[in-house]
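1. show me the folded form of this:
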Amino acid sequence: MFKVFITSRVIDRISRDVNRPVERIGLLMGALENSSLWVNDIIPGGTEMSEVHCAFPPQRLAQVANDIVEGRIEGRIVGWYHSHPGHGLFLSQTDLETHMQFYQFSSYALSLVADPKSGEFGIWIYENGVGVVQLPANHIHII
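-> The predicted structure is shown next:
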């Protein structure tokens, strides 16, 4: 199991983005260094769907990919975040499928779920031989 270092600025930005009564989604940006994942920015999805559904618009994802290639965005996509307003911290079947889509590009992919009503968040990773598991708090470092 690897460690995750996430900046307090990222936590603040996620908190502001998900502080709504509907689900929100976005990308986690960062880099892999010394077998640890560093999350140092986010890219909000920019759309609001419903209390229990959200999606990252394909045209927005294409623009993000282009901006990375063109050097307008630093780092790489290391995972995604979304909110479960008032529903708690868990990954639904759709969330698990989304996580595995990210995992196919990197074994260090993260799924972060935030519940703005409780003010809590959790991070999930894929662990070989086990599946998608919640990362223990002692592996998450806010800097």
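
2. between the two ends of stretch 124-136, what distance do you get?
-> End-to-end distance of stretch 124-136 (CA to CA, to the nearest Å): 9 Å.

3. helices of the protein, start to end?
-> 8-18, 58-69, 93-103 (DSSP state H).

4. those helices: which one's closest to Pro85?
-> helix 8-18 (7.3 Å; CB to CB). Glycine gets a C-beta too; all of them are placed from N, C-alpha and C.

5. what lies in contact with that closest one?
-> Here helix 8-18 makes contact (CB atoms under 8 Å, 6 or more residues apart in numbering) with 24, 26, 28, 39-42, 44, 81-83, 85, 112, 114, 116, 119, 121, 142-143.

6. can you rerun that using 10 Å?
-> Residues from elsewhere that reach helix 8-18, judged by CB atoms under 10 Å, 6 or more residues apart in numbering: 6-7, 24-26, 28-30, 38-46, 54, 81-85, 112-117, 119, 121, 142-143.

7. follow-up on the earlier one: what's the most buried one of the helices of the chain?
-> Of the helices of the chain, the one with the most neighbours on average (mean count of other CB atoms under 10 Å) is helix 8-18, at a mean of 17.
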